[in-house]
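> The following block contains a protein sequence and its predicted model.
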Amino acid sequence: MEGRLFTFLGTIGGHGQEWIILSHYVLVIGIIFLIARAATRKLQLVPTGAQNVMETFVGGIITMGADTMGEKNARVYMPLIASLAIVIFVSNMIGVIPGFEAPTSNINFTLSLALIVFVYYNYVGIQKNGFVNYFKHFMGPMPILAPLMFPIEIISHISRIISLSFRLFGSIRGDDMFLMVLLMLVPWLLPLPGFFLLTAFGFLQAFIFSILTYVYIAGSVMMEHEEH
């Protein structure tokens with residue numbers, strides 16, 4: 001089914017999977033750059049236009065994290081979460097447009113995002129709590145349960161990579177297949193409700209990835225609060 005999928009960028013460098021994903025990711029970065037440029041070109045005390053949209057976006061990211069780790073910590077980790085959220089959202093949105101493919105429909109791309117989250121939250125957890133205390137937390141509250149709890153915790157954390165990557169990949173890949181079949185079966189104007197549905201799903205997946213990243217970071221840096 002992939003061999004029949006047309007993309008505009010594929011006509012330039014071929015329809016190989018590596019080129020398709022790389023070229024569309026570059027397109028995503030270009031779109032984000034243009035949005036950021038438009039939002040910061042003429043900063044105003046009372047925001048309008050692109051500045052208003054981006055300030056609302058950043059405020060929403062902070063509010064999302066404040067419910068998990070408090071507003072102060074949410075602001076500290078906002079740059080990473082906001083970067084991931086906007087990359088995922090724009091990637092999902094270009095996949096809704098016929099002739100383009102979402103980078104997030106490729107497992108290698110979503111796996112890379114999941115690995116970034118995994119490495120980062122473990123890094124800040126070790127940085128905040130110390131290497132020994134961080135992994136000591138994996139052993140549970142009772143020393144006698146440590147041989148059982150430690151491997152379970154390790155497996156649980158590794159499974160987060162699979163969970164983050166496959167949830168996003170599976171959802172967006174399914175959306176792409178749905179859109180392809182929809183366009184094959186009905187004329188271009190009739191699938192409009194489907195486009196709105198795919199847009200909602202794309203937003204939802206970006207939200208889920210972002211909130212889970214906040215939850216994982218909160219769990220790694222706020223261990224002392226969990227113990228109390």
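Structure's in. What do you need?

> dump the residue contacts of I217.
Applying Cβ atoms under 8 Å, 6 or more residues apart in numbering to I217 gives the contacts M69, Y77, Y120, Y121, V124. No exception for glycine: its C-beta is placed from N, CA and C like everyone else's.

> and what of W19?
By Cβ under 8 Å, 6+ apart, W19 lies in contact with L9, G10, G13.

> mind checking how far it is from S112?
Counting by Cβ to Cβ, to the nearest Å, the gap from W19 to S112 is 17 Å.

> now swap in R167 and tell me
From R167 across to S112, the span is 15 Å (Cβ to Cβ).

> And these two? Which one has more around it.
R167 (16 against 13; other Cβ atoms under 10 Å).

> how close does the closest residue to that one other than its chain neighbours get to L168?
Closest residue to R167 apart from its sequence neighbours, by Cβ to Cβ, 6 or more residues apart in numbering: I208 at 7.0 Å. Distance of I208 to L168, given as Cβ to Cβ: 8 Å.

> between those two, who's got more neighbours?
Neighbours per residue, other Cβ under 10 Å: of I208 and L168, the larger number sits with L168, 26 against 15.

> out of everything not next to it in sequence, what's closest to the more buried one?
Closest residue to L168 apart from its sequence neighbours, by Cβ to Cβ, 6+ apart: T110 at 4.5 Å.

> same check, this time on V87
Nearest one to V87, counting by Cβ to Cβ, 6+ apart, is V28 at 6.3 Å.

> show me where pLDDT drops low in the protein?
Counting by pLDDT under 70, the chain shows low-confidence ranges at 1-5, 186-191, 223-228.

> how about the helices in it?
10-13, 17-40, 49-69, 71-96, 107-129, 131-136, 146-185, 192-221, 223-227 (DSSP state H).

> Among the contacts of I217, the buried ones, what's the PyMOL command?
Applying 16 or more other Cβ atoms under 10 Å to the contacts of I217 leaves a buried subset, and the PyMOL line that selects it is:
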select buried, resi 69+77+120+121+124
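
> Including distance to T40, could the contacts of I217 go into TSV?
Shown next, in TSV, are the contacts of I217 (distance: Cβ to Cβ, whole Å):
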residue	distance to T40
M69	27
Y77	21
Y120	25
Y121	29
V124	27
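
> Out of the contacts of I217, which comes closest to D176?
The closest of the contacts of I217 to D176 turns out to be Y120 (Cβ to Cβ; 28.1 Å).

> Please tell me how far the closest one sits from V221.
On the measure of Cβ to Cβ, Y120 and V221 end up 11 Å apart.

> Can you report how many residues lie near M222?
17.

> same thing with T11?
T11 is flanked by 10 other residues according to other Cβ under 10 Å.

> In contact with the residue of the chain positioned farthest from its centre, which residues?
Relative to the centre of the chain, the most outlying C-alpha is that of I144, 38.0 Å out, by Cα atoms, centre = their mean. By Cβ under 8 Å, 6+ apart, I144 lies in contact with nothing.

> What's the separation between it and H137?
I144 is 16 Å from H137, by Cβ to Cβ.

> can you check V215 too?
The gap separating V215 from H137 is 16 Å, by Cβ to Cβ.

> Among the two, which residue is more densely surrounded?
Neighbours per residue (other Cβ under 10 Å) separate V215 from H137, with H137 holding more: 19 against 15.

> neighbours around P103, how many?
The tally of other residues near P103 (other Cβ under 10 Å) stands at 28.

> Tell me who's in contact with it.
By Cβ under 8 Å, 6+ apart, the residues touching P103 are I21, H24, Y25, V28, S91, F109.
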